[in-house]
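>>> Here is a sequence with its predicted model. Questions after.
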2 protein chains.
Amino acid sequence: MYSSHLLSSVGSAAIPTFGPPAEPLTLDIVFAGQPANKFAAGEGVFWEGDKSADIFQIIEGCLRLYRILPDGRRAIMGFRFAGETLGLSCEGTYCYTAEAVTSVRLRRLSRARLRAMGEEVRQLQPLLLAKIFEEIRAARQHIIVLGQLGAEERTAHFLVSAARRTGADQRRPVTIELPMTRQDIADYLGLTIETVCRVLSKLKRDGLVALEGRHKIILMRMTDLQHLAGEFDDADPHAPTYIQAKWPQ
Amino acid sequence: MYSSHLLSSVGSAAIPTFGPPAEPLTLDIVFAGQPANKFAAGEGVFWEGDKSADIFQIIEGCLRLYRILPDGRRAIMGFRFAGETLGLSCEGTYCYTAEAVTSVRLRRLSRARLRAMGEEVRQLQPLLLAKIFEEIRAARQHIIVLGQLGAEERTAHFLVSAARRTGADQRRPVTIELPMTRQDIADYLGLTIETVCRVLSKLKRDGLVALEGRHKIILMRMTDLQHLAGEFDDADPHAPTYIQAKWPQ
DNA sequence: CGGAAAATTGACTTACATCAAACTCAGTGG
DNA sequence: CCACTGAGTTTGATGTAAGTCAATTTTCCG
């Protein structure tokens, strides 16, 4: 109830003005006030085939999203970290299982409630649509990784995009947390656990990364890793686009 | 102009009633009245990176959608056939090149115009959203094919879903037209042309398919092919869902 | 510290890629 | 109409990246 209040006030302040509103609407605001849910590592949040009644925002922790094929193979479709959303691109039923990698806290919002908010607040629709387009972009990226790249390229790409997601300065060594297991990474990249290990060892031998325990990797030479990854990315969403504006066209 | 008229009348007839409107809105109606464009085989309709100003509906023919990686590899993201739409899931710039496989006729609609229609006609939004969700579903399917399946499984999956797209009765031999080259199929499945050929030859030897010239394949034993493909599909969109309703839950 | 799960490394196998040659077939022109 | 042509396809021989199987080692946690 009170979050609907919050939204109304943001909405009515923003609608009359054209251009960017004074306080931009974000999904943080949409989820604000929803109670937080906790999940222990290994617990499931929802299962493939469940009616997709809710969407989620992760407060902290990491989730893996996967499907199990009839013969038991597991295809990991992606990972989600703190601040990211979950379930938006599933209409009707969830198309994958979501399982906590670490212990996870998240907020839940029913689709019914989301729809009601959408009626009230005009800014919401394009915001959700942007998230959906982002998912399509990521899926297409993944298709190229799996269809065209070799084991080393795939792994490099995984590391580089993980680093990018942290938002850290990409020009100096980036330390990334990889809470998932090697098996998870393998199932995500369409490789075996042994191949992932061997590739990581090779990258270490070549001085491109440093391994710090199981779940921490330091990317020592980003540009080399990016080069290895194929550099076929779409425009980097985090790139400072204003640099172009500095120069006369 | 006159197509906007058409839409207005459909819209105002449909909005007052709840439930399904008398004449369901389809994209055919949205595109009706747009002039038809022709493209010869091999011609490009738009290029990756172009500003995605328009969306398209194919009247007849077949298109391939692809991206070229920096080192020259070509990743085919999909094919589009008569009746299907194109460009909806690209915001800002097109994320792939669209090229005519056969000679193609299609209708073009500017996004500006589409947006204007959206304001006028309420039914349009969910219709477009459904198309976008369908694209996500297809992309996820493709991820599993490329990440988890072997060459024979991939090829079988390609054939089975091509057959499904024709809408033909899946219980008896289905003849499908494959206007694209073997190289196209290979680039779509993340294989080489030789592997695609060998797999097709093997399927023929095993009596699962019959090859009729270069561009026609008859799927002789659908259930075996489906089994080979892994049968991991989401709910078949063509499946008669009402069967469930017949039985008490 | 002890034990179990996860990760790493090595030896061997295999599915697919690569390279190379032959075949098919749709068009074209004599 | 038929030989010629060249692109597209098929088949075969061989190479290689990644998978499989089997130890070992590391790491984490009680």
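Cool, the structure landed.

>>> Please count neighbours and contacts with C-alpha atoms only from this point.
OK.

>>> now the most centrally placed residue in chain A, nearest residue through space, not along the chain?
Centroid-nearest residue in chain A, with C-alpha atoms, centre = their mean: residue A:80, separated by 4.5 Å. Excluding its sequence neighbours, the residue lying closest to residue A:80 (C-alpha to C-alpha, 6 or more residues apart in numbering or on different chains) is residue A:63, at 5.1 Å.

>>> now do residue A:47
Closest to residue A:47 by C-alpha to C-alpha, 6+ apart is residue A:97, at 4.1 Å.

>>> does that neighbour really touch residue A:44, like I thought?
Yes - counting by C-alpha atoms under 8 Å, residue A:97 does reach residue A:44; the two are 7.3 Å apart.

>>> neighbour count winner among these two?
Comparing residue A:97 with residue A:44 by other C-alpha atoms under 10 Å in any protein chain shown, the one with more neighbours is residue A:97, at 20 against 16.

>>> any idea how far DNA strand C is from the more buried one?
Between residue A:97 and DNA strand C the distance, using C-alpha to the nearest atom of the strand, to the nearest Å, works out to 18 Å.

>>> which secondary structure element contains residue A:127?
Taking DSSP states H and E as the criterion, residue A:127 maps to helix A:124-148.

>>> how much space between residue A:208 and chain B?
Separation of residue A:208 from chain B (C-alpha to the nearest C-alpha, to the nearest Å): 21 Å.

>>> burial of that residue, as a residue count?
When neighbours are counted by other C-alpha under 10 Å, residue A:208 registers 19.

>>> got the contact list for it?
A:219-222, A:224-225 (C-alpha atoms under 8 Å, 6 or more residues apart in numbering or on different chains).

>>> what does residue A:230 give?
Contact partners of residue A:230, counting by C-alpha under 8 Å, 6+ apart, are A:153, A:157, B:69-71.

>>> now check stretch A:59-72, is it near DNA strand D?
No - looking at stretch A:59-72 against DNA strand D by C-alpha under 7 Å from any atom of the strand, there are no contacts, and the closest approach is 12.2 Å.

>>> So what touches that stretch?
The contact list for stretch A:59-72 (C-alpha under 8 Å, 6+ apart) reads A:48, A:74-83, A:95-107, A:179, B:230-232.

>>> got the residues of chain A near DNA strand D?
Going by C-alpha under 7 Å from any atom of the strand, the residues of chain A near DNA strand D are A:149-152, A:190-192, A:194-195, A:213-215.

>>> again, 6 Å this time
When proximity is defined by C-alpha under 6 Å from any atom of the strand, chain A lies next to DNA strand D at A:150-151, A:190-192, A:194-195, A:213-214.

>>> just these now: which is nearest DNA strand C?
Checking the residues of chain A next to DNA strand D against DNA strand C with C-alpha to the nearest atom of the strand, the nearest one is residue A:194 at 4.3 Å.

>>> That closest one: what secondary structure?
Reduced to three states with DSSP: H, G, I helix; E, B strand; the rest coil, the structure at residue A:194 is helix.

>>> now it: how far from chain B?
Distance of residue A:194 to chain B, computed by C-alpha to the nearest C-alpha: 16 Å.

>>> Likewise for residue A:210?
For residue A:210, the distance to chain B equals 27 Å [C-alpha to the nearest C-alpha].

>>> quick one: strands adjacent to the strand or helix carrying that residue?
Residue A:210 is part of strand A:209-211 when elements are defined by DSSP H and E. Here strand A:209-211 is paired, per DSSP bridges, with strand A:216-219 (antiparallel).

>>> buried ones in the strand it pairs with?
Residues A:217-219 are the ones in strand A:216-219 that count as buried (16 or more other C-alpha atoms under 10 Å in any protein chain shown).

>>> and that strand, anywhere near DNA strand C?
No - Strand A:216-219 stays clear of DNA strand C (C-alpha under 6 Å from any atom of the strand), getting no nearer than 9.6 Å.

>>> buried ones in the helix or strand following that strand?
As assigned by DSSP H and E, the chain's next helix or strand after strand A:216-219 is helix A:222-229. With burial defined by 16+ other C-alpha under 10 Å, the residues of helix A:222-229 counted as buried are A:222-223, A:225-226, A:228-229.

>>> now the strands: where do they sit in chain A?
A:36-39, A:44-46, A:54-60, A:62-68, A:74-81, A:85-86, A:97-100, A:104-110, A:174-177, A:209-211, A:216-219 (DSSP state E).

>>> so which of the ones you listed comes closest to residue B:140?
With C-alpha to C-alpha as the criterion, residue B:140 lies closest to strand A:74-81 of the strands of chain A, at 7.7 Å.

>>> Pop the domain breakdown of chain A in here.
Here the domain parsing of chain A from automatic domain parsing is A:2-144, A:150-235.

>>> okay, these in TSV with mean pLDDT next?
Output for the domains of chain A, formatted as TSV (pLDDT from 0 to 100):
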stretch	mean pLDDT
domain A:2-144	87
domain A:150-235	95
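
>>> Let me know which of those domains is the nearest to residue B:183.
Taking C-alpha to C-alpha, domain A:2-144 is the member of the domains of chain A nearest to residue B:183, at 16.4 Å.

>>> Nearest to chain B among the residues of chain A next to DNA strand D?
Nearest to chain B, judged by C-alpha to the nearest C-alpha, of the residues of chain A next to DNA strand D is residue A:190 at 4.4 Å.

>>> And for the closest one, the neighbour number?
By other C-alpha under 10 Å, 24 other residues sit near residue A:190.

>>> still on that earlier bit, closest to residue B:117 out of the domains of chain A?
In terms of C-alpha to C-alpha, the element of the domains of chain A nearest to residue B:117 is domain A:2-144, at 16.4 Å.

>>> Could you give the separation of that closest one from the chain centroid?
Relative to the chain's own centre, domain A:2-144 is displaced by 10 Å; criterion: C-alpha atoms, centre = their mean, to the nearest Å.

>>> ditto for stretch A:152-172
The chain centre lies 13 Å from the centre of stretch A:152-172; the measure is C-alpha atoms, centre = their mean.

>>> which of the residues in that stretch are buried?
Neighbour counts over stretch A:152-172 (16+ other C-alpha under 10 Å) mark A:152-160, A:163-164, A:170 as buried.

>>> DNA strand C next: which of these are close?
Among the buried residues of stretch A:152-172, none lies close to DNA strand C by the criterion of C-alpha under 6 Å from any atom of the strand.

>>> Quick one: name the residues of chain A near chain B.
A:69-71, A:73, A:75, A:77, A:89-91, A:95, A:133, A:135-136, A:139-140, A:142-144, A:146-148, A:188-191, A:230-232, A:234 (C-alpha under 8 Å from any C-alpha of the partner chain).

>>> Which among these count as buried?
For the residues of chain A next to chain B, a neighbour count by 16+ other C-alpha under 10 Å gives the buried set as A:75, A:77, A:89-91, A:95, A:133, A:136, A:139-140, A:142-144, A:146-148, A:188-191, A:230-232.

>>> burial of residue A:72, as a residue count?
Applying other C-alpha under 10 Å, we find 8 residues neighbouring residue A:72.

>>> Give me the phi and psi for it.
Torsion angles at residue A:72 (phi, psi; degrees, to the nearest 10) stand at phi 100, psi -10.

>>> With the one 10 residues further on instead?
Reported as degrees, to the nearest 10, the phi and psi values for residue A:82 are phi -50, psi 140.

>>> And for it, the neighbour number?
When neighbours are counted by other C-alpha under 10 Å, residue A:82 registers 15.

>>> now do residue A:51
Other residues near residue A:51 come to 14 when the count uses other C-alpha under 10 Å.

>>> give the contact list for it.
Residue A:51 makes contacts with A:92-94, as judged by C-alpha under 8 Å, 6+ apart.

>>> Return the member of these nearest to residue B:39.
Here the nearest of the contacts of residue A:51 to residue B:39, counting by C-alpha to C-alpha, is residue A:92; it sits at 37.6 Å.
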